[in-house]
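Undergrad: Have a look at this prediction, sequence included:
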Amino acid sequence: MKDSELRKIFLARVNNRMKDYKGQGSDFRLRKMANKLHEKFDDTWIDYLDGNATYDEWDKSLEDWLNLETLNK
């Protein structure tokens, strides 16, 4: 899958999931975990572009990050 296709998927999913998001929550632990999952997602995206990760790994990493971000409302 091309990088431009990944960007479209990413932007659509973030836009859909985060439309009611009002900013960082107050729980420090959840914010810290969300930041770590965001960094992991970034690393997975780079690995995918380099051919070291699958689309399923990319998708799971994105879902994990977004799930925690929306939990931390």
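TA: Right, received. Where do you want to start?

Undergrad: Can you give me the buried ones in the one helix or strand K32 maps to?
TA: Using DSSP states H and E, K32 sits within helix 28-50. By neighbour count with 16 or more other C-beta atoms under 10 Å, helix 28-50 contains the buried residues 30, 33-34, 37-38, 41, 44-45, 48. (C-beta placed from N, C-alpha, C; glycine too.)

Undergrad: and that helix, what other elements does it pack with?
TA: Using 3 or more C-beta pairs under 8 Å, 6 or more residues apart in numbering; DSSP states H and E, the elements in contact with helix 28-50 are helix 3-17, helix 55-71.

Undergrad: Hey, what's the angle from it to helix 55-71? Just curious.
TA: 160 degrees (axes from the mean of the first three to the mean of the last three C-alpha atoms, to 10 degrees).

Undergrad: by how many degrees do helix 28-50 and helix 3-17 diverge?
TA: Using the same axes, to 10 degrees: helix 28-50 against helix 3-17 is 160 degrees.

Undergrad: Quick check, central residue of this protein?
TA: L62 (3.3 Å; C-alpha atoms, centre = their mean).

Undergrad: ok, and what's touching the worst-scoring helix or strand of the chain on mean pLDDT?
TA: Least confident helix or strand, the chain: helix 3-17 with a mean of 87, by mean pLDDT, DSSP states H and E. Contact partners of helix 3-17, identified using C-beta atoms under 8 Å, 6 or more residues apart in numbering, comprise 45, 48-49, 58, 62, 66, 69-70.

Undergrad: Which positions within that helix qualify as buried?
TA: 6, 17.

Undergrad: quick revisit: TSV for the buried residues of helix 28-50, including pLDDT?
TA: Listed next are these as TSV, based on pLDDT from 0 to 100:
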residue	pLDDT
L30	80
M33	89
A34	85
L37	93
H38	93
F41	95
T44	96
W45	95
Y48	95
